[in-house]
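Chemist: can't give you the sequence, but here's the structure:
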Ligand code: ARG
């Protein structure tokens, strides 16, 4: 609605300028705000005050001129001048009511499909091979997945790119160690059940045993050269890691599958060609045996252009080289219009360097946007990086076990007439929902404090609160069984406030898609639930004295709210339950 009023005001300014009432060169920043008090209408603008001086008229006189030139709109019931020259807009509740009727019937719930649909590559999750997924990976995975779901809902073609860390010199040592284990017993792959321990032991042997280290280094070269034996062992490591990760994705309800793996190794064969091309274009130059791109955009400490190594002295390529090739591939081969990277904020400079080079080399045209959607760290209650009590990294699987444990204790304290199977489903949905939502609901750009008590609370901006709000509406429907929904009429302020909020679902979805920020959806759903609770208190449904027409209208409001809650939570990757 704000946008609508804004457009009306823009048209008005043009009209005033055409008539010479306002100088043509003035371009006011038109601001439309929600009013604090409904007695002053729904929306207000200070435009008359902004234009008074350039127009050489008192603000109230200009406000009158603005109103006289305002294009007619079915959405506006009344316009008034207030105070020194504010213009207040009263929205037409009939128009609003008809929008809610339509929204309740619409599979998209009033959300406008993207036009044109784009091809959008989303880089998220990206765990590393032979490493257990740790808590910090949850951020990228959960936030990225919510944005992916939102973009798909809008009709975009989304390509999930799981940029798995499956390449690099560490594989020499991992392959050699796996080989040793398999020679010692034929159950060598069993050792991979605990990847973290496997990695640690491989590293220990590498550091302690020079003969082993020599063999490991040889394997790096062989693997690079495509040696079958090394390739096969490498494949095992990748597959076992990704099987374990897939179990976590499934448990979390994350929409990634093994088909979405596009690891670093995919780009490896492209790297020699990329470096040769960068050199041919004069971008990369030899510097002390290495190939380096000097970027004026990035200054080192000494104020000199920063050198980004794309090929080391020993011929090895780097993480940056891979990301240059990767950006190119996403544009040229995948046909991306937009690429979103959900990566830790500490990798920002790395990405900027890779992209600057990719753009200079002409691999990524101006029209394609490359976006780093950075996020901060997950901190413990003490404000330090989230760790186990003994200081180790917290395994995601253990974290989810604890969430289920805590959720089941919590649910046991509540009265419930659910069967054991239903209870178990509730516990799972609440536990997973709470962990995901805790992450999603914070502005991702900052660090966030992981706190069990907050995330599992039934009060406040939490998953259990929203899940509960949804089941509460479902229980209204169970109790009003034979009553049907009908056309909406908005009489009470609480009904109008709820309706206005429902209508903002569209703009919320659009901004999550544009900014890659799911916390906007969380906040919206939280506010929507709050308005619903107020509506439900103020506006009885199944009570004597409420006309059947009003009952039907209020049920439609309930239904629309339930649908928006369910859809909004689904876009966040969070399940709702009929009963809990
Ligand atoms: N595997 C990397 C890590 O764990 C993240 C990769 C992110 N994606 C990328 N295109 N660089 O830090």
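Modeler: The structure has been received and is ready for your questions. A quick note: this is a predicted structure, and the numbers were derived from the prediction, not measured.

Chemist: which stretches of this structure have low pLDDT?
Modeler: Low-confidence segments of the chain, defined by pLDDT under 70: 134-136, 186-191.

Chemist: mind running it again at 80?
Modeler: Low-confidence segments of the chain, defined by pLDDT under 80, are located at 1, 132-136, 185-193, 300, 388-395.

Chemist: tell me the domain ranges of it?
Modeler: The chain breaks down into these structural domains: 2-91, 170-258, 265-375, 396-572 (assignment by automatic domain parsing).

Chemist: name the residues of the helix or strand containing residue 8 that are buried.
Modeler: When secondary structure is defined using DSSP states H and E, the element that contains residue 8 is helix 2-18. Residues of helix 2-18 classed as buried under the neighbour-count rule (16 or more other Cβ atoms under 10 Å) are 2, 5, 6, 8, 9, 12, 13, 15, 16, 17. No exception for glycine: its C-beta is placed from N, CA and C like everyone else's.

Chemist: again with stretch 163-178
Modeler: Within stretch 163-178, the residues scored as buried using 16+ other Cβ under 10 Å are 163-168, 170-178.

Chemist: residue 159 and the ligand: what is the separation?
Modeler: Taking Cβ to the nearest ligand atom, to the nearest Å as the measure, residue 159 falls 13 Å from the ligand.

Chemist: how about the residues of the stretch 151-300 of the chain by the ligand?
Modeler: Within the stretch 151-300 of the chain, the positions adjacent to the ligand are 163, 165 by Cβ under 6 Å from any ligand atom.

Chemist: and if you look at the chain?
Modeler: That would be 123, 126, 128, 163, 165, 323, 326, 341, 343, which are the residues of the chain within reach of the ligand (Cβ under 6 Å from any ligand atom).

Chemist: give me the number of residues near the last one?
Modeler: Counted with other Cβ atoms under 10 Å, the burial measure for residue 343 works out to 22 neighbours.

Chemist: got it, and the first one?
Modeler: If you count neighbours by other Cβ under 10 Å, residue 123 ends up with 27.

Chemist: hang on, isn't it packed against residue 339?
Modeler: Yes - look at residue 123 against residue 339 with Cβ atoms under 8 Å: they come within range, at 6.9 Å.

Chemist: how about the strands of this structure, start to end?
Modeler: Listed in chain order, the strands found in the chain under DSSP state E are 32-34, 43-45, 76-82, 86-91, 119-123, 157-161, 284-287, 290-299, 305-311, 338-344, 369-375, 378-379, 448-449.

Chemist: how about those strands in TSV, adding distance to residue 213?
Modeler: Converted to TSV, the strands of the chain look like this (distance: least, Cβ to Cβ, whole Å):
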stretch	distance to residue 213
strand 32-34	66
strand 43-45	70
strand 76-82	76
strand 86-91	73
strand 119-123	33
strand 157-161	34
strand 284-287	29
strand 290-299	23
strand 305-311	23
strand 338-344	30
strand 369-375	36
strand 378-379	34
strand 448-449	40
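
Chemist: and these, which is most packed in?
Modeler: Of all those, strand 119-123 carries the top mean neighbour count, a mean of 24, counting by mean count of other Cβ atoms under 10 Å.

Chemist: so residue 433 makes contact with residue 574?
Modeler: Yes - here residue 433 lies in contact with residue 574, judged by Cβ under 8 Å, at a distance of 4.5 Å.

Chemist: all good on my end, thank you.
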